[in-house]
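K.L.:
quick one, fold the following:
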Amino acid sequence: MRGAAAYARVGVESSVMSASPHRLIGMLFDGAQTSIRAARLHMQNGDVAEKGKAISRAIDIVNQGLLAALDHERGGELAERLEQIYDYVVRLLLQANLRNDEQRLDEAARLLEDIGSAWREIGQQVDGY
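P.N.:
Take a look at the predicted model:
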């Protein structure tokens with residue numbers, strides 16, 4: 001099992017090292033969705049500790065990845081609006097964790113999917129991915 005985990009880690013590291021800046025943001029959206037899906041499964045199974053870890057990972061991705069990547073100088077009003085949405089997503093995730101609320105998880109996932117999907121469409125035009 002260790003070998004498989006190490007192999008997966010190398011695959012992820014290779015993907016990150018070769019990705020364009022635009023693709024890296026896409027990977028953050030994917031990672032947040034993966035963490036939210038894991039949180040939902042742990043919530044349904046009553047595994048409070050793992051649910052909390054998965055939600056914390058999603059929050060970290062939003063705060064330290066997506067939010068931190070915003071360029072307010074060049075992004076202007078769009079960056080401000082995205083910041084407000086990301087802040088709202090974090091609040092949804094915190095409330096979902098506190099209240100075991102799948103609807104809040106779903107709303108956070110939907111918002112991130114909407115933005116991530118638009119981001120990927122732009123990426124196809126910019127990077128061809």
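K.L.:
quick check: the gap between the residue nearest to the spatial centre of the chain and residue 92.
P.N.:
Nearest to the geometric centre of the chain sits residue 32, at 2.2 Å (C-alpha atoms, centre = their mean). With the distance defined as C-beta to C-beta, to the nearest Å, residue 32 ends up 12 Å from residue 92. In short, each C-beta sits where N, CA and C put it, glycine included.
K.L.:
returning to that earlier point: I'd like the next helix or strand past the helix or strand where the residue nearest to the centre of the chain lies.
P.N.:
When secondary structure is defined by DSSP states H and E, residue 32 falls within helix 21-44. Beyond helix 21-44 on the C-terminal side, the first helix or strand identified by DSSP H and E is helix 48-60.
K.L.:
that following helix - contacts with which helices or strands?
P.N.:
Secondary-structure packing of helix 48-60 (3 or more C-beta pairs under 8 Å, 6 or more residues apart in numbering; DSSP states H and E): helix 21-44, helix 72-99.
K.L.:
list the contacts of the residue nearest to the centre of the chain.
P.N.:
The neighbourhood of residue 32, defined by C-beta atoms under 8 Å, 6 or more residues apart in numbering, consists of 58, 61, 62, 65, 66, 112.
K.L.:
you'd agree the first one is up against residue 93?
P.N.:
Yes - using C-beta atoms under 8 Å, residue 58 is in contact with residue 93, at 5.6 Å.
K.L.:
hmm, back to that, show the pLDDT at the residue nearest to the centre of the chain.
P.N.:
The score at residue 32 is 97. That number is its pLDDT.
K.L.:
over to residue 113?
P.N.:
If you check residue 113, the pLDDT there is 97.
K.L.:
kindly report the same for residue 125.
P.N.:
Turning to residue 125, the model gives it a pLDDT of 74.
K.L.:
the strand or helix carrying it vs helix 21-44, what angle?
P.N.:
Assigned by DSSP H and E, residue 125 belongs to helix 102-126. Using axes from the mean of the first three to the mean of the last three C-alpha atoms, to 10 degrees, the interaxial angle of helix 102-126 with respect to helix 21-44 works out to 160 degrees.
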